[in-house]
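>>> Predicted structure and sequence below. I'll ask about it afterward.
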Amino acid sequence: MNGPVIMDRRLLLKGGGALLVSFSLTNAFAQDQAAPAAPPAPKLPGSLEKAPYLDSWIRIDADGSITVFTGKAELGQGFKTAFQQIAAEQLDVPFASLKVVTADTKLTANEGYTSGSNSMKEGGTAILNAAAQARELLVAEAARRLDVASENLRTENGAVIASDGRRLSYGELVASNMLHVQAQPSSKLKDPSTFKVMSQPVPRVDIPAKVTGGTAYVQDLRLTGMVHARVVRPPGYGAQLTDCDTAAIEKMAGVIKVVRDGSFLAVVAKKEFQAVKAMQALSAAAKWKEDARLPKQDDLASVLTKHLPSKDFTIFEHGNPGSGGRHTLEASYTRPYQAHGSIGPSCAVAQFTDGAMIVWSHTQGVFPDRAAIAEMLRMPPANVRLIHVEGSGCYGHNGADDAAADAALIARSLPGIPVRVQWTREQEHGWEPFGPAMVTKLKASLDDNGKVADWRFEVWSNTHSMRPGGAGALLAAQHMAQPFKVPEPRPLPLPEGGGDRNAIPIYSFPNAQVVHHFLPDMPVRISAMRGLGAYHNVFSIESFMDELAALAGADPVEFRLKHLEDARGRDVIEKAALGFGWRKGQKAPQDRGFGFAFARYKNLAAYCAIASEVEVVSETGRARLVRAVAAVDSGQVVNPDGLINQIEGAIMQSTSWTLYEQVTFDQSRITSIDWQTYPILRFEAAPETIEVHVINRPGMPFLGSGETGQGPAAASLANAIANATGKRLRDLPLTRKRIKDAIDA
Amino acid sequence: MMTLKVNGQVHQIESDADTPLLYVLRDELNLNAAKFGCGLGQCGSCTVIVDGKAVLSCVTPMVLLEGKQVTTLEGLGTASAPAPIQRAFMEEQAAQCGYCIAGMMMRAQALLQRNPKPTDAQIRAELAPHLCRCGTHMRILRAVHRAARLMDTAELAPADKRSAQ
């Protein structure tokens, strides 16, 4: 330990236990500096690599109470419950006896963003190993005190028990700095066959408050003396505020202040609806100079592939690409900009007291967001604390970070007073960073045996992450009088990738080439949306596989298996096909179609195969998912019901994206600004059934499953529509009109 | 000053008469369940029950509610003593982020109060105004069916007791 030690006064005052003090020491390390220099050690499991001290993850107090810490943020995926299961299992304590504390720059390790289906792989793995190693330390201490060999001790219900019945509780055993030790590369993990809590469908810990009106969301925070702010955003990207007479607004009932900094405009009032009315008046008073610069929406495919400059990377080459084959097929697929569309618009609370800023936010990354907000406010990061509080589901980078920045900027002008900022529906729809538009071009040849001989895949896309980053990623910082420049976009590195995520085929093709055309210019504000490029790339590959299967005269499931060596991939395909009742040469009833698709997310996370049945009303072109059967392999399962919930949700959400959704815009403004102009799936379109089959892999690494369903669900649906209508649709969304036009063509 | 009866309790309301009910519930009465989703009556997150009917509180001004009875999710039960609809949503784990759920539950509650045995088609039609972005639709439907069964049993329970006496 050679760094500055920042004691958390509140913790010191509160607790007498030595471990508590050691914990706050650890935090100083976890947050503000890298691990102390040491000779290269074997890699530590999951996020232990970033925060190697066990007490960054597990705290055991003298009274036996146990707290688990994670830098990941609960976004409605349910991992908080899964982490609690993991810790309870490996520590041998009752599930309900644990408490889990999530992302807070003052309390938890820096685990970066909660994204990419990585929470289980990174945070879950860290807690799995930290808990197992903490248990080992407790057993070793008991062995010393009882003077028996560790092998003759067992753990149960928060205590170490000797064969003669002597028993020492964890609280009794825990001693100064016991857990303030670096993690080891490997742990004595429990045998999965003895699991009592892991792999069980434990009910989620957050649901009771959510179904009874408890305090569950950042929107529900009510700090003493809190006031309400509303932002007035420009009418479009690049619009400048030229004039705004605020005199009348400042006299409105309850109005405390109008905040203006360049083109950043906001109003603060005592009561929430007073703020709403003042925002409306302020919006009417503001005069803007608009900057028409958006591309033509109808031209999007050629804008992406021809007009925007690209940096081209050949990301995969195998065999002798371009060698061709007997029959060749080419196709191009497109995806529009699509919105995260959180049901609750973004919200944040901030309080600036004695030079220190606290922000409560539903951000996916408390540490990066703290850095960005500190830069915007020109404050040292140590004086800014970000606390994650759940918001409405985000599915990626929505308005959360921007709302946090809004709240911080406004709160700075009202020292001591907690300020709550609530975005409007129109602001969320108009200003969130969208999932990028994409174009793919595929070309493949079949050999005499109906196998793919040659494969070429090209994808055009912006980056898929403009997360903070720096202050320039935040709207408020972009709109200030002294604005911060938007950071230069970069392609996200493989193997995870961004626009090229899942662009490299998982299938074995003798000759193949994959090219990523990275587009640095971003006419429309974009960032990470569930699955990133994988949604469109898997939609493209898996649609094209069906087109090739048709050319080969092969059954789509059989055709996939013929090209897939990965045994776990084959297992999920076979499981989904079996569960669906897929039969070679089957014919769907009139106006119905069957479709199939498969992917392994990022080619390194969970495997997912989905079979779908759709109904297409040929007179109107209206398509509806009737039933879906999925199979998923996410490694060791922690909470099967949580996993099923994620896959069900992925199928529903991807169905909505695929059938209905596109962001619309004119030359200067986003025009899809509410649920009327950006329709999503409603109950009338919900299927009859969704069935999810989980393939558990006891003892195998957690793979992460939050995003694995997005691509397969889209392609499965598109393939089923093609099966029902005989027409292949390649442009997302597969709207009623497009289907009708295809049928009529 | 207007009065408003919420979850059986009468409140003197300070907010202006044009204030939508949602802001009165959240900002003045500190109730969490009704959610701000759109302020446009497009998503259903703000749904509460007024005199037995599901109402979008974000577009219903206070002035229309004098003398009426408002019920929110808080008025049905608690985490330790949940109402049948709450128990059903817990048992079905019918939430992901859960932001839309309170509104869904209130419309389902209103439906079950007037039609204790709705068909699946009736439940789907009733929930048409509600949006869920996490894609929890199938669980929500199952939870409403389960709530109907639980309410049925709850009504039977006292009757059974009576017959046993």
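Looks like it arrived, so ask away. Note that the coordinates shown come from a computational prediction; the quantities given were computed from them, not determined experimentally.

>>> where along chain B do the helices fall?
Ranges of helices in chain B, per DSSP state H, are B:21-23, B:84-91, B:101-114, B:120-126, B:137-164.

>>> what comes up buried for the fourth one?
By neighbour count on 16 or more other CB atoms under 10 Å in any protein chain shown, the buried set for helix B:120-126 is B:I123, B:R124, B:E126. In this view, the C-beta of every residue, glycine as well, is placed from N, C-alpha and C.

>>> If we ignore the residues flanking it in sequence, what's nearest the first one?
It stands for B:I123. Of all residues not flanking B:I123 in the chain, B:V144 sits nearest, at 5.0 Å (CB to CB, 6 or more residues apart in numbering or on different chains).

>>> Ok, the last one next?
Sequence neighbours aside, B:L111 is the residue nearest to B:E126 in space, at 4.7 Å (criterion: CB to CB, 6+ apart).

>>> tell me which element A:V359 falls in.
Here A:V359 sits within strand A:356-361, counting by DSSP states H and E.

>>> Adjacent strands (with direction) for that strand?
According to DSSP bridges, strand A:356-361 has the following sheet partners: strand A:347-353 (antiparallel), strand A:384-388 (parallel).

>>> As TSV, those strands with mean pLDDT and mean neighbour count would be great.
Converted to TSV, the strands paired with strand A:356-361 look like this (pLDDT from 0 to 100; neighbours: other CB atoms under 10 Å in any protein chain shown):
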stretch	mean pLDDT	mean neighbour count
strand A:347-353	98	26
strand A:384-388	98	24
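
>>> coming back round to it: show me which of the buried residues of helix B:120-126 is closest to A:D220.
Nearest to A:D220, judged by CB to CB, of these is B:E126 at 26.5 Å.

>>> State the distance from the residue nearest to the spatial centre of chain A to B:C134.
For chain A, A:S115 is the residue whose C-alpha lies nearest the centre (CA atoms, centre = their mean; 3.7 Å). Per CB to CB, to the nearest Å, A:S115 is found 16 Å from B:C134.

>>> How about A:T314?
38 Å.

>>> So for the two, which residue has more residues nearby?
B:C134 (28 against 11; other CB atoms under 10 Å in any protein chain shown).

>>> so which of the helices of chain B is the most packed in?
Each of those was scored by mean neighbour count; the highest is helix B:21-23, a mean of 27, by mean count of other CB atoms under 10 Å in any protein chain shown.

>>> Could you list every helix and strand in contact with that one?
Under the contact criterion of 3 or more CB pairs under 8 Å, 6 or more residues apart in numbering or on different chains; DSSP states H and E, helix B:21-23 touches helix A:272-285.

>>> Identify the nearest residue to the residue nearest the centre of chain B in space, disregarding sequence-adjacent positions?
With distances taken as CA atoms, centre = their mean, B:M106 lies nearest the centre of chain B, 1.7 Å away. Of all residues not flanking B:M106 in the chain, B:T47 sits nearest, at 4.6 Å (CB to CB, 6+ apart).

>>> these two touch, right, that neighbour and B:K53?
No: using CB atoms under 8 Å, B:T47 is not in contact with B:K53; the gap is 10.2 Å.

>>> who has more neighbours, the two?
B:T47 (32 against 12).

>>> dump the residue contacts of that one.
B:A34, B:A54, B:V55, B:L56, B:S57, B:A102, B:G103, B:M104, B:M106, B:R107, B:H130 (CB atoms under 8 Å, 6 or more residues apart in numbering or on different chains).

>>> what's the spacing between it and chain A?
12 Å (CB to the nearest CB, to the nearest Å).

>>> Okay, and the beta partners of that residue?
B:L56.

>>> Look up how far A:T194 lies from it.
B:T47 is 46 Å from A:T194, by CB to CB.

>>> Could you list the low-confidence segments of chain B?
Residue ranges of chain B with pLDDT under 70: B:155-165.

>>> same thing but at 90, please
Within chain B, the stretches with pLDDT under 90 are B:1, B:66-67, B:152-165.

>>> and A:L564, how many neighbours?
Look at A:L564: counted by other CB under 10 Å, it has 17 neighbours.

>>> Doesn't it belong to a strand?
No: the assignment for A:L564 is coil, going by DSSP: H, G, I helix; E, B strand; the rest coil, so no strand is present there.

>>> Might one say that it is in contact with A:M545?
No: between A:L564 and A:M545 there is no contact under CB under 8 Å: 10.2 Å.

>>> shared neighbours of these two, anything?
By CB under 8 Å, 6+ apart, the residues touching both A:L564 and A:M545 are A:Y507.

>>> Helix or strand for A:G579, just tell me which one.
Element membership for A:G579, per DSSP H and E: helix A:567-580.

>>> Tell me the gap between stretch A:264-272 and the middle of its chain.
Put simply, stretch A:264-272 sits 31 Å off its chain's centre (CA atoms, centre = their mean, to the nearest Å).

>>> Pick out the residue of the stretch 301-450 of chain A closest to chain B.
Using CB to the nearest CB, A:G393 is the residue of the stretch 301-450 of chain A that sits closest to chain B, at 3.3 Å.

>>> who are the neighbours in contact with A:G642?
Going by CB under 8 Å, 6+ apart, A:G642 touches A:Q77, A:G78, A:F79, A:T81, A:A82, A:P201, A:R204.

>>> change it to 7 Å
A:G78, A:T81, A:A82, A:R204 (CB atoms under 7 Å, 6 or more residues apart in numbering or on different chains).

>>> again, but for A:S117
Per CB under 7 Å, 6+ apart, neighbours of A:S117: A:Y601, A:A605, A:A606, A:G704, A:S705, A:G706, A:E707, A:T708.

>>> What's the per-residue pLDDT of the residue sitting furthest away from the middle of chain A here?
In terms of distance from the mean C-alpha position of chain A, A:D164 ranks first, at 49.6 Å (CA atoms, centre = their mean). Looking at A:D164, its pLDDT reads 95.
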